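J.: Sequence unavailable; structure follows:
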């Protein structure tokens with residue numbers, strides 16, 4: 001069994017390497033690329049690679065978005081404007097408005113042309129863009145909470161890598177299992193190091209653990225600063241997006257026992273969602289938690305498990321930020337904007 005994958009924003013800094021990785025995935029039989037520029041060239045370039053997936057690039061004219069989406073099994077959305085150095089509130093608001101508008105329009109296309117596809121949202125800020133996609137789907141009467149995912153995998157990838165660095169063996173990184181919960185920005189990112197499959201050294205200081213947590217939470221800033229105005233985390237995000245997409249594809253194919261943290265609407269598993277709400281002490285609609293994936297998308301939302309006191313404090317700090325970000329996304333979608 002193989003699938004049609006679609007990348008919306010395929011000509012961008014995340015979109016191109018993500019498309020390359022999906023072209024190399026044996027579960028992908030057809031890869032449709034969409035962007036406002038350059039997708040025919042990106043598709044032609046990728047089509048020369050000796051893997052089975054057929055690649056076609058689409059532009060907005062002649063119903064390009066509809067053609068790209070028709071028959072899609074999985075849609076990945078990295079489209080949007082990247083972060084830049086600085087934390088000016090005006091800049092953040094401008095970034096949100098631009099990306100929110102882009103995601104709204106793409107979500108409208110998916111809702112009308114591929115409403116049953118699994119939708120993987122990478123576009124920042126994920127804590128707000130996922131609610132935007134959900135509200136658009138609701139307004140079109142096609143909302144299935146089991147099929148809409150916020151991709152938080154980069155936080156997991158960073159946690160794996162940073163733990164391996166502490167242990168002095170990067171060859172361990174891909175085998176480390178460490179849940180990262182909450183959301184996908186700043187203090188909403190909560191790495192649960194106490195549940196890591198590879199424990200940190202027994203003499204690891206609490207101040208070092210705090211620094212490690214902060215590094216996972218603000219790893220994106222590290223990359224933005226290092227690129228010195230030339231971009232944000234594109235290559236690592238593409239890798240993380242492809243990793244999560246592969247898990248979703250394997251689950252769609254029927255493979256059992258696939259679990260990954262992802263930012264979902266908690267109604268996707270009512271029992272698991274209610275457990276999360278009790279654990280975080282808030283009647284919240286979205287949260288990133290370990291999710292068991294299946295052919296229909298979300299099969300089960302897993303408990304956060306036993307948290308240390310410091311991890312409980314991190315969750316407590318994350319929730320108010322999440323509430324604001326979620327509401328920002330929900331309120332962006334109004335009848336006049338569709």
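T.: Received the coordinates, thanks. Because the structure is predicted, anything quoted here is derived from the model rather than measured. Numbering: from 1, shown residues only.
J.: just for the protein, where's the confidence low?
T.: Within the chain, the set of residues satisfying pLDDT under 70 comprises 83-92, 335-338.
J.: show me what contacts the spatially most central residue of it?
T.: With distances taken as Cα atoms, centre = their mean, residue 151 lies nearest the centre of the chain, 1.2 Å away. Contact analysis of residue 151 by Cβ atoms under 8 Å, 6 or more residues apart in numbering lists 76, 120-122, 126, 184, 240-241, 244, 262-263. Every residue, glycine included, has its C-beta placed from N, CA and C.
J.: All the helices of the stretch 51-200 of the chain, residue numbers only.
T.: Secondary structure of the stretch 51-200 of the chain (DSSP state H, counting those that start in this stretch): helices at 64-69, 89-113, 126-139, 153-167.
J.: name the helices or strands packed onto the second one?
T.: In this structure, helix 89-113 packs against helix 64-69, strand 74-77, strand 118-121, helix 126-139, helix 309-332, with contacts taken as 3 or more Cβ pairs under 8 Å, 6 or more residues apart in numbering; DSSP states H and E.
J.: ok and that helix relative to helix 309-332, angle-wise?
T.: Helix 89-113 and helix 309-332 meet at an angle of 70 degrees, taking axes from the mean of the first three to the mean of the last three Cα atoms, to 10 degrees as the criterion.
J.: Tell me the gap between helix 89-113 and the middle of its chain.
T.: A distance of 15 Å separates the C-alpha centroid of helix 89-113 from that of its chain, computed with Cα atoms, centre = their mean, to the nearest Å.
J.: And the last one, by the same measure?
T.: Per Cα atoms, centre = their mean, the displacement of helix 153-167 from the mean C-alpha position of its chain is 17 Å.
J.: can you pull the buried residues of it?
T.: 153-164, 166 (16 or more other Cβ atoms under 10 Å).
J.: packing partners for it?
T.: strand 180-182, strand 189-191, helix 206-217, helix 219-227, helix 235-253, strand 258-265.
J.: Apply 6 Å and report the result again.
T.: Applying 3 or more Cβ pairs under 6 Å, 6 or more residues apart in numbering; DSSP states H and E, one finds that helix 153-167 makes contact with strand 180-182, helix 206-217, helix 235-253.
J.: what does the shortest one give?
T.: Packed against helix 64-69, as judged by 3+ Cβ pairs under 6 Å, 6+ apart, are the following elements: strand 28-34, strand 54-58, helix 89-113.
J.: again, but for the third one
T.: Contact analysis of helix 126-139 by 3+ Cβ pairs under 6 Å, 6+ apart lists helix 89-113, strand 118-121, strand 148-150, strand 258-265, helix 309-332 as its packing neighbours.
J.: How much space separates residue 313 from residue 223?
T.: Counting by Cβ to Cβ, to the nearest Å, the gap from residue 313 to residue 223 is 27 Å.
J.: between the two, who's got more neighbours?
T.: residue 223 (18 against 12; other Cβ atoms under 10 Å).
J.: Could you double-check that that one sits in contact with residue 233?
T.: Yes: counting by Cβ atoms under 6 Å, residue 223 does reach residue 233; the two are 4.3 Å apart.
J.: Which neighbours do these two have in common?
T.: Listed as contacting both residue 223 and residue 233 by Cβ atoms under 6 Å, 6 or more residues apart in numbering is no residue at all.
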